[in-house]
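# quick one, structure for this:
(4 chains)
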2 protein chains.
Amino acid sequence: MGATIKDVARLARCSIKTVSRVINEEPYVSDELRSRVQAAVRSSGYAPNVLARRLVQRRSNMVCILMYPGFYQPASAVFSTIMDIGYDEDYDILVQPYFPSNSRSRNRLVDLSAEHRIDGFVTTPPCDADDFVADLLTTYRVPLVQINPFNRIDTVPFVAGDDYQGAYALTEYLISLGHRRIGFLTGPRNMRSSGDRLYGYRVALDRHQIPFTDALVAPSEFTFDGGCTAARLLLGQDPPPTAIFAGNDEAAFGALFTAQEQGLRVPDELSICGYDDLAFSRNIWPGLTTMHQPVEEIVETATRLLIAILKGKEPERRQVIVSARLVVRGSSGPPGGR
Amino acid sequence: MGATIKDVARLARCSIKTVSRVINEEPYVSDELRSRVQAAVRSSGYAPNVLARRLVQRRSNMVCILMYPGFYQPASAVFSTIMDIGYDEDYDILVQPYFPSNSRSRNRLVDLSAEHRIDGFVTTPPCDADDFVADLLTTYRVPLVQINPFNRIDTVPFVAGDDYQGAYALTEYLISLGHRRIGFLTGPRNMRSSGDRLYGYRVALDRHQIPFTDALVAPSEFTFDGGCTAARLLLGQDPPPTAIFAGNDEAAFGALFTAQEQGLRVPDELSICGYDDLAFSRNIWPGLTTMHQPVEEIVETATRLLIAILKGKEPERRQVIVSARLVVRGSSGPPGGR
DNA sequence: CTGTTAGCGCCTTCAT
DNA sequence: ATGAAGGCGCTAACAG
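Predicted coordinates:
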């Protein structure tokens, strides 16, 4: 059993409050007493009991980030960043899987908020497609920051990528290569970014006087399998598209797989682009051209925003939009390989 | 501010102890009182304060999983499983990045153990290559379960894949296809599984009277870039190997990339196999032949083992070895495409 | 500057 | 079967 504040007080021959002052770096302690306490802390191996502190302060110093399992991205790249923030700010960060509209997920969320264990939440898409999350947290008055929110609510802080701008830029890039028949793979309807990206694609076509064709838009659900199916659909057309812009990288991987399966040479016979720039996108042959979203940065900003709010430091911007950057790799080129 | 146990007691006209009995499902409460309390709980929206409970029980009900950031696998696939266990068993599960021998990581670990916030730990490779972890936790008497431990210590429970068996099986499979010149990509020296896999490869060669050649073994560090470099090295030989067995899937992805970069047809001109069966292995063209390690199962077993130990239910087996299964996909075939 | 007194919300012990 | 008292380890509020 570890030493408690009382043990330290006894060792340092002072009151527990003085010990408390020293370990919390409060002022009003004489240098001499301070160093006596510090010595006592060292010799006893004392460390504050975080649980007791949390109880009396009525704060758990824990935040929770809701993630939809099954997406590649959230994983490794992001965790290190998140946890580092936790360390800096003295928060424990709980990663919680959340399936929208799933009762088990919802119950878990209710428990976490009701039992006073979580000070604040960050949601990632498509978790917040389930209004339950925002409603519940509002009821319990637990602060929430959304990443790429489905609905941008004035009162809820968020950090989002600029999907419209990104999709516009990528489409324009393909057009500049000479492509005219550009297929597009969409994601779930309950995901804002999917809609915004489609819109960026449409506007870019429009600005360059390329007619929009319904038949060139196929649903991929933003998954690998969805990408395969959708790509097969588009490639079956006559004439087939010379380029496919998948609304996210996972779907693009599916499209790439399908193209290779059909013996198409990428990019000579077909250009394929994605969106997100997953860690894997540079590792897949021939390298995926995509829009880089600075996921680490987005997650970090959101988490810091939440913690700032929890600590009562009102940040100047509660709604942040981050732009995406084109990354050209081997999967794109001019139609017909020049 | 939520209702407390006192509020419920007042509403139900009984003592707080009775409320406590009801919410903890203890016996010795009359049916009538019990239902009165339950009604009061509902009408007040009471939920126990987990922080208070943790303090008085001197348990945080939190366990921590140490993961090395940068590996693909740990991520999405695994999290949902882990968190579900947490829900079942009423534990919060903290995922913590850990870099072996890194002082920041170490400090963080000290804090977590010293401040009474974590009841137990699970380590994943190569975190435990740093003896600091086991030493520290032993000192603080915090239970530990290791996944694929670097050193198997009698006193420390673990769950591990059978790397030797798996590598043996995969090598034998390649031999059965007719391969004789099989390259092997190794991982970091501080990773047990790397050594075991190499050993399985050697023994399989040996059993089939194929001479072991040093030049066919190249270091990959179990990363994509490592796989690229190592594959380039092997393919530069004369004659080049007809198959490459990468000690893990990430390195195999690198080898695959390099092969395609050099215009080699996989598997006709070169077979490539990996180990682990990452989620992505089926999504990369032409599909990676690999040994499937049931990662979810391993992580689940380890976590449940830890929680069982924490709850005082001594499990019958404290050291578990799980075997791997061959998964044949498009990246392997007979040498010379028959 | 330093110490004393009260809790935080809950569970444990021991009466009743 | 029920309740009263005490304390987990800490900090907040107020005295000295």
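# going by C-alpha atoms from here, please, whenever you check contacts or count neighbours.
Noted.
# residue contacts, A:Ala255?
The contact partners of A:Ala255, by CA atoms under 8 Å, 6 or more residues apart in numbering or on different chains, come to A:Phe224, A:Gly227, A:Cys228, A:Ala230, A:Ala231, A:Arg232, A:Ile244, A:Ala246, A:Ile272.
# so which helix or strand takes in it?
helix A:249-261 (DSSP states H and E).
# show me what secondary structure element comes after the helix or strand bottoming out on mean pLDDT in chain A.
When the helices and strands of chain A are scored by mean pLDDT, DSSP states H and E, helix A:76-89 comes last with a mean of 81. Toward the C-terminus, helix A:76-89 is succeeded by strand A:92-97 as the next helix or strand (DSSP H and E).
# tell me the buried residues in the next helix-or-strand element following that following strand?
Reading on from strand A:92-97 to the C-terminus, the next helix or strand found by DSSP H and E is helix A:103-114. Judged by neighbour count (16 or more other CA atoms under 10 Å in any protein chain shown), helix A:103-114 contains these buried residues: A:Ser105, A:Arg106, A:Arg108, A:Leu109, A:Val110, A:Asp111, A:Leu112, A:Ser113, A:Ala114.
# run the contact check for the helix or strand just after helix A:103-114 versus chain B.
Moving toward the C-terminus from helix A:103-114, the next helix or strand (DSSP H and E) is strand A:120-123. No: Strand A:120-123 lies apart from chain B when judged by CA under 8 Å from any CA of the partner chain; the minimum separation is 15.0 Å.
# try stretch A:318-334
No: Stretch A:318-334 lies out of reach of chain B by CA under 8 Å from any CA, never closer than 10.5 Å.
# pull up the distance across that stretch, start to finish.
42 Å (CA to CA, to the nearest Å).
# and for stretch A:286-294?
End to end - CA to CA - stretch A:286-294 spans 22 Å.
# stretch A:309-318 too?
With CA to CA, one end of stretch A:309-318 sits 9 Å from the other.
# please apply the same query to stretch A:179-187.
Using CA to CA, one end of stretch A:179-187 lies 22 Å from the other.
# tell me the bridge partners for A:Leu185.
A:Ala218, A:Ala246 (DSSP bridges).
# let me redo that: A:Ser271
A:Ala243.
# with the one 4 residues further on instead?
Beta-bridge pairing of A:Tyr275, defined through DSSP bridges, involves A:Met291.
# quick check: residues of chain A near DNA strand D?
Counting by CA under 7 Å from any atom of the strand, the residues of chain A close to DNA strand D are A:4-6, A:16-17, A:20, A:24, A:47-50, A:52-53, A:55-57.
# near chain B, from these?
Within the residues of chain A next to DNA strand D, those near chain B by CA under 8 Å from any CA are A:Ala47, A:Pro48, A:Asn49, A:Val50, A:Ala52, A:Leu55.
# next, count neighbours for the residue lying closest to the second one once chain neighbours are set aside.
It stands for A:Pro48. Counting by CA to CA, 6 or more residues apart in numbering or on different chains, A:Pro48 lies nearest to B:Glu115, which is 5.7 Å off, once chain neighbours are set aside. For B:Glu115, the count of nearby residues is 15 (other CA atoms under 10 Å in any protein chain shown).
# so where's chain A shaky on pLDDT?
A:1, A:70-77, A:338 (pLDDT under 70).
# if we go to 50?
A:74 (pLDDT under 50).
# out of the residues of chain A next to DNA strand D, which are inside strands?
Using DSSP state E, the subset of those located in strands is empty.
# which of those residues are buried?
Neighbour counting over the residues of chain A next to DNA strand D (16+ other CA under 10 Å) leaves A:Thr4, A:Ile5, A:Ile16, A:Ser20, A:Ala47, A:Pro48, A:Asn49, A:Val50, A:Ala52, A:Leu55 as the buried ones.
# show me which of the residues you listed neighbour DNA strand C.
With CA under 7 Å from any atom of the strand as the criterion, those include A:Ile16, A:Ala52, A:Leu55 near DNA strand C.
# can you give me the distance of the second one to A:Met191?
So the one you mean is A:Ala52. 41 Å.
# what kind of secondary structure is A:Ala230 in?
Look at A:Ala230: counting by DSSP: H, G, I helix; E, B strand; the rest coil, its state is helix.
# give me the neighbour count for it.
Neighbours of A:Ala230 (other CA under 10 Å): 27.
# now A:Phe222: closest residue in space, sequence neighbours ignored.
A:Gly187 (4.7 Å).
# and what of A:Asp92?
A:Met62 (4.6 Å).
# isn't that neighbour right up against A:Phe121?
No: between A:Met62 and A:Phe121 there is no contact, the gap being 9.2 Å when judged by CA atoms under 8 Å.
# re the thing from before, make TSV out of the ones next to chain B among the residues of chain A next to DNA strand D and add distance to A:Val145.
Output for these, formatted as TSV (distance: CA to CA, whole Å):
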residue	distance to A:Val145
A:Ala47	32
A:Pro48	30
A:Asn49	29
A:Val50	25
A:Ala52	28
A:Leu55	24
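# out of these, which comes closest to B:Ala302?
A:Val50 (26.2 Å; CA to CA).
# show me what contacts that closest one?
Shown in contact with A:Val50 (CA under 8 Å, 6+ apart): B:Glu115, B:His116, B:Arg117.
# would JSON lines of the residues you listed with distance to B:Gln260 be doable?
Formatted as JSON lines, these follow (distance: CA to CA, whole Å):
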{"residue": "B:Glu115", "distance to B:Gln260": "52"}
{"residue": "B:His116", "distance to B:Gln260": "52"}
{"residue": "B:Arg117", "distance to B:Gln260": "49"}
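# from these, which is closest to DNA strand D?
B:Glu115 (8.0 Å; CA to the nearest atom of the strand).
# returning to what we had before: A:Met62 and A:Phe121: which is more packed in?
More neighbours surround A:Phe121 than the other of A:Met62 and A:Phe121, with 28 against 19 (other CA under 10 Å).
# settle this for me: that one is touching A:Ile147, isn't it.
No: judged on CA under 8 Å, A:Phe121 makes no contact with A:Ile147 at a distance of 10.6 Å.
# identify the farthest-apart pair in the residues of chain A next to DNA strand D.
A:Lys6 and A:Gln57 (18.9 Å).
# how about the stretch 51-200 of chain A: which residue is closest to DNA strand C?
A:Val56 (3.4 Å).
# in helices, which of the buried ones among the residues of chain A next to DNA strand D fall?
The members of these that map onto helices under DSSP state H are A:Ile5, A:Ile16, A:Ser20, A:Val50, A:Ala52, A:Leu55.
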